[in-house]
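Visitor: sharing a model prediction with you, sequence too.
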Amino acid sequence: MESTLSPGWRGAPWGRRARVAGAVAVVVAAAVVVPLAPRWVDASRPETRLAAPEVVEVSTECRSRADGGIDHTDFLLGEAAWVRFCVVGASYPRRIGSALVPDAVLAEGAASLVRAWQRTDGRAGPCRPTPSATKFAVQVGFDDGTVAEVFGETSECPAYTRPAPATRVVAGGRVYRDLMTALALDAGSGEDSGPDSEVGSEPSCPAAAPAFPEAVTRDPTTGLTGTGVATAVVCRYDAPGLAPVATALRPSEAERVRVLALGAFDPTPPSCTPDPGAPAYVAVLVGRDASTYEVGLDAAACAAARLNDQRIGVSPALATALAGLAVGAGS
């Protein structure tokens, strides 16, 4: 006999069974998921560090490119922790001669110093190298322990950075001067070097240009690496028997002479022809440590440079600077 129930009522038991089965499935799923949820959340949380954060040890030693020690990938990024000279000479990376670049590390103020170099050079095309410029390489350690290298020459040509790809940054002459000056200020920071410090009397020119030692001093020493210049005079000797022409230097000029003298090196082999008629120069510098330093320059002998009684090599850059200072101030 045909059922008198409506189609809707006939489907009700199946609908109830479906809803019950769905509810059971939700309960079972919840029974599976809920116990796992706390473990999944715990695993995703950062581990609680109870100890102090690890301090990165930054080595302030010069690193070698050969062993991959130059590893800071982008010189324009990062905070510098230290900076130091590593090589100077005529043929990088081979160390040449006896340059007086100080074996010192600048840590205090390194970040602000390097920040001024972290700008790309906007000029297009290569810069013609200056034969009289000193070649140098400076290494910069960053606060993550990596190291970059800035290399170039003491001219207005931009310096380059390693590792590759190399970036052209500010002028090499600026990098060299900035660091040499900063090292002197850093070394003299604990001394009384203010304007009232006793630095002795105004320097005067020797009656004649002192003779040069024959041999280059292979391991020269000087306190000039660690002091700024308080006062200075440059003396030009045009010929034997003639009185020198003296020119007092401004502080910025005197500091320039100090920096260039420290960069003098012994080239191999000499690359100039002596000029017997060229003048000789002596720069007498009084440091902020009250000591007097005598920088001699013999333009007739391929710009041979002398510091006190030590022949320290040649410096065409120093010869050019002294000639310009003497003529400029006396004209």
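Guide: Everything's here; your move. Numbering: from 1, shown residues only.

Visitor: after the helix or strand bottoming out on mean pLDDT in the chain, which helix or strand is next?
Guide: In the chain, no helix or strand scores lower on mean pLDDT, DSSP states H and E than helix 7-44, which sits at a mean of 41. Using DSSP states H and E, the helix or strand that follows helix 7-44 in sequence is strand 80-89.

Visitor: residues contacting Thr73?
Guide: 146, 163 (C-beta atoms under 8 Å, 6 or more residues apart in numbering). For every residue, glycine as well, the C-beta is placed using N, CA and C.

Visitor: what is the neighbour count of Leu242?
Guide: Leu242 has 11 neighbours, counted by other C-beta atoms under 10 Å.

Visitor: any weak-confidence spans in the stretch 151-300 of the chain?
Guide: The model of the stretch 151-300 of the chain has pLDDT under 70 over residues 187-201, 266-271.

Visitor: what segments of it are strands?
Guide: For the stretch 151-300 of the chain, strands defined by DSSP state E, counting those that start in this stretch occupy the ranges 158-162, 168-171, 229-237, 245-249, 280-287, 292-298.

Visitor: please report how far the closest residue to Asp186 other than its chain neighbours lies from Cys272.
Guide: Of all residues not flanking Asp186 in the chain, Leu106 sits nearest, at 5.7 Å (C-beta to C-beta, 6 or more residues apart in numbering). Relative to Cys272, Leu106 is positioned 34 Å away (C-beta to C-beta, to the nearest Å).

Visitor: and for Ala319?
Guide: From Ala319 to Cys272 the distance is 10 Å (C-beta to C-beta).

Visitor: these two: who's more crowded?
Guide: Counted by other C-beta under 10 Å, Ala319 and Cys272 do not tie: Ala319 has more neighbours, with 23 against 14.

Visitor: quick one: residues contacting that one.
Guide: 132, 281, 297, 299, 303.

Visitor: turn the residues you listed into a markdown table, including neighbour count.
Guide: Compiled in a markdown table, the contacts of Ala319 are given as follows (neighbours: other C-beta atoms under 10 Å):
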| residue | neighbour count |
| --- | --- |
| Ser132 | 18 |
| Tyr281 | 27 |
| Leu297 | 31 |
| Ala299 | 22 |
| Ala303 | 25 |
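
Visitor: which residues touch Arg162?
Guide: 65, 70, 148-149, 151.

Visitor: just give me the closest of those residues to Ala243.
Guide: Nearest to Ala243 out of these is Phe151 (C-beta to C-beta; 43.5 Å).

Visitor: test my guess that the closest one contacts Val138.
Guide: Yes. Using C-beta atoms under 8 Å, Phe151 is in contact with Val138, at 7.3 Å.

Visitor: so for those two, which residue has more residues nearby?
Guide: Between Phe151 and Val138, Val138 has the larger neighbour count (other C-beta under 10 Å), namely 26 against 20.

Visitor: not counting sequence-adjacent ones, nearest residue to Pro210?
Guide: Residue nearest to Pro210 in three dimensions, not counting chain neighbours: Gly296, with 6.2 Å by C-beta to C-beta, 6+ apart.

Visitor: count of neighbours near the residue lying closest to Gly69 once chain neighbours are set aside?
Guide: Spatially, and ignoring its direct neighbours in sequence, Gly69 is nearest to Arg63 (2.9 Å; C-beta to C-beta, 6+ apart). Counted by other C-beta under 10 Å, the residues lying close to Arg63 total 18.

Visitor: any idea how far Arg63 is from Phe265?
Guide: 22 Å.

Visitor: picking up where we left off before, now do the shared contacts for Ala319 and Cys272.
Guide: Jointly contacting Ala319 and Cys272 under the rule C-beta under 8 Å, 6+ apart are Ala303.

Visitor: bridging residues for Tyr281?
Guide: Arg236, Leu297 (DSSP bridges).

Visitor: who's in contact with it?
Guide: Here Tyr281 is in contact with 209, 234-237, 296-297, 299, 319, 322-323, 326 (criterion: C-beta under 8 Å, 6+ apart).

Visitor: next, format these as TSV and append distance to Arg115.
Guide: Output for those, formatted as TSV (distance: C-beta to C-beta, whole Å):
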residue	distance to Arg115
Ala209	43
Val234	34
Cys235	39
Arg236	40
Tyr237	43
Gly296	37
Leu297	35
Ala299	38
Ala319	33
Leu322	32
Ala323	35
Ala326	36
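
Visitor: pick out the most distant pair among the contacts of Ala319.
Guide: Ser132 and Tyr281 (14.7 Å).

Visitor: show me what contacts Glu153?
Guide: Glu153 neighbours (C-beta under 8 Å, 6+ apart): 129-130, 133-136, 172-173.
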